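Chemist: whatever this is, show me its structure:
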Amino acid sequence: MARKVFFSFHYKRDVRRVAQVRNSWVVRPDGDSQPFLDKAEWETIKRSGDTAVKSWIEKQLTGTSVLVVLIGLETYDREWVRYEIKRAYELKKGILGIYIHNIKDPSVGTDTKGKNPLDYWGVGEGAQRVTFSKMYKTYDWVNDDGYNNLPKWIEEAAKAVGR
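Modeler: Residues are numbered from 1 along each chain as shown. Okay, the predicted model is just below:
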């Protein structure tokens, strides 16, 4: 089944690594993802204010089955990545995380592993709280052979939430 996905990531630091993951998905016969903004377009949206960014995110999430969080060193601290995760959960989208630090950026090589942004959100209170990182699967693009397994991961994430 064809799945439309939304890739959530830290643009400035990880865009070259993200392009490798995203392109591996889009070139597949059934792969579809949101348009890939260049830096100038993203900066224009951000300068328009929080309402404009939220509106853009909502539009991009429409029709998707799964949010794929591409996790680099600084992804955890990105406000809009956190918002995208929260909205995907509220909209009952499948969610999965993929560490991308081991992908070689053509300019700087590999990177340091970052914190999982799915740890930021959870359900329940106190000792009963369960983080999203326990609810949704996380993989390593290089070590878990993301190139060959991404379609399977996306399908599993969608089916886990009844999509």
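
Chemist: CA only for contacts and neighbour counts going forward, please
Modeler: Noted.

Chemist: now do the same contact list for the most centrally placed residue in the chain.
Modeler: Geometric centre of the chain, nearest residue: residue 69, 2.0 Å, by C-alpha atoms, centre = their mean. Applying C-alpha atoms under 8 Å, 6 or more residues apart in numbering, we find residue 69 in contact with 7-9, 81, 85, 95-98.

Chemist: please tell me which one of the residues you listed counts the most neighbours.
Modeler: residue 95 (29 neighbours; other C-alpha atoms under 10 Å).

Chemist: which neighbours does the stretch of helix or strand it belongs to have in its sheet, and in what orientation?
Modeler: Element membership for residue 95 (DSSP states H and E) is strand 94-99. Looking at strand 94-99 with DSSP bridges, its partner strands are strand 66-71 (parallel), strand 138-140 (parallel).

Chemist: quick one, the helix or strand following the shortest one and strand 94-99 angle?
Modeler: I take that to be strand 138-140. Using DSSP H and E, the next helix or strand after strand 138-140 towards the C-terminus is helix 146-160. Here helix 146-160 runs at an angle of 150 degrees relative to strand 94-99 (axes from the mean of the first three to the mean of the last three C-alpha atoms, to 10 degrees).

Chemist: flag every buried residue along helix 146-160.
Modeler: Within helix 146-160, the residues scored as buried using 16 or more other C-alpha atoms under 10 Å are 146, 150-151, 153-158.

Chemist: list the residues that contact residue 122.
Modeler: So residue 122 contacts 129-132 (C-alpha under 8 Å, 6+ apart).
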